[in-house]
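>>> Show me the folded form of this:
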Amino acid sequence: MANTKQDINDFNRRIKNINNPRNKSYYDPDLKMHIPKRVPRDKIKKPKVANDEDIIGPFLVSGIIGAFCLAMAQLLRVRYFELIETTPITIAIDVMAGLWFLLVLTALIKRNSWGARFSQMVGVCAMLAAGHNLFWRWPEQMATIYTPEYAAYIERTTQPPSVVIGSTVYNF
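Numbering: from 1, shown residues only. From the prediction side, this is the model:
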């Protein structure tokens, strides 16, 4: 019983020491250290420092994410809807599905700042214009991923190092 009374008195003494308005910190005998009562906000949250050296890396990663989302939209169109011909309607389907994939994926990985969105759109446009070059670089793998008919269509309608803008193919 006496031990319980001593524990309660020790507890009350600690609370009184913590609540004392003159103390900015208190000494905790169990931890054997001074514990501050209030911590300034700048010590809790340090301001973010913009590092000029790390601009290209995140830009490229976001661009690759955008290109990946458009590739998934094209895969969906070719594999499941079996729309092989490239028409303005299929391009619109690719872009809309790619943007939907992009919104979902970037919400999941929390890459949705304005700069990231811009570089993701650059990736979508780059994949839309030059994604067919992947079929020329790795024809067997792309025919396996998409369909052999789509790979044959791409090889029939484009040249190896080229860019497609609208319906015009520019060769390099």
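
>>> So the residue positioned nearest the centre of the chain: helix, strand or coil?
Centroid-nearest residue in the chain, with Cα atoms, centre = their mean: R111, separated by 3.6 Å. Here R111 is recorded as coil under DSSP: H, G, I helix; E, B strand; the rest coil.

>>> residues contacting the nearest residue to it once chain neighbours are set aside?
Distance criterion Cβ to Cβ, 6 or more residues apart in numbering; nearest residue to R111, sequence neighbours excluded, is S62 at 6.2 Å. The way it works is simple: take the backbone N, C-alpha and C, and place the C-beta from them, glycine included. Shown in contact with S62 (Cβ atoms under 8 Å, 6 or more residues apart in numbering): 111, 115-117, 119-120, 123.

>>> helix, strand or coil for S62?
helix.

>>> Kindly report the same for K46.
coil.

>>> Okay, it and L105: tell me how far apart.
Distance, K46 to L105, using Cβ to Cβ, to the nearest Å: 29 Å.

>>> T87 too?
26 Å.

>>> Now do the strands in this structure.
Using DSSP state E, the strands of the chain run over 25-28, 33-36, 162-165, 168-171.

>>> okay, these, which one's buried deepest?
Comparing the strands of the chain on average neighbours per residue, with mean count of other Cβ atoms under 10 Å, the densest one is strand 162-165 at a mean of 16.

>>> So what touches that one?
Contact with strand 162-165 is made by 128-130, 132-133, 158, 169-172, as judged by Cβ under 8 Å, 6+ apart.

>>> Neighbour-wise, which one of those residues leads?
H132 (24 neighbours; other Cβ atoms under 10 Å).

>>> Who are the contact partners of it?
H132 neighbours (Cβ under 8 Å, 6+ apart): 154, 158, 162, 164.

>>> Format those residues as CSV; extra columns: pLDDT and distance to R137.
Output for these, formatted as CSV (pLDDT from 0 to 100; distance: Cβ to Cβ, whole Å):
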residue, pLDDT, distance to R137
I154, 91, 12
T158, 87, 12
S162, 88, 12
V164, 83, 16
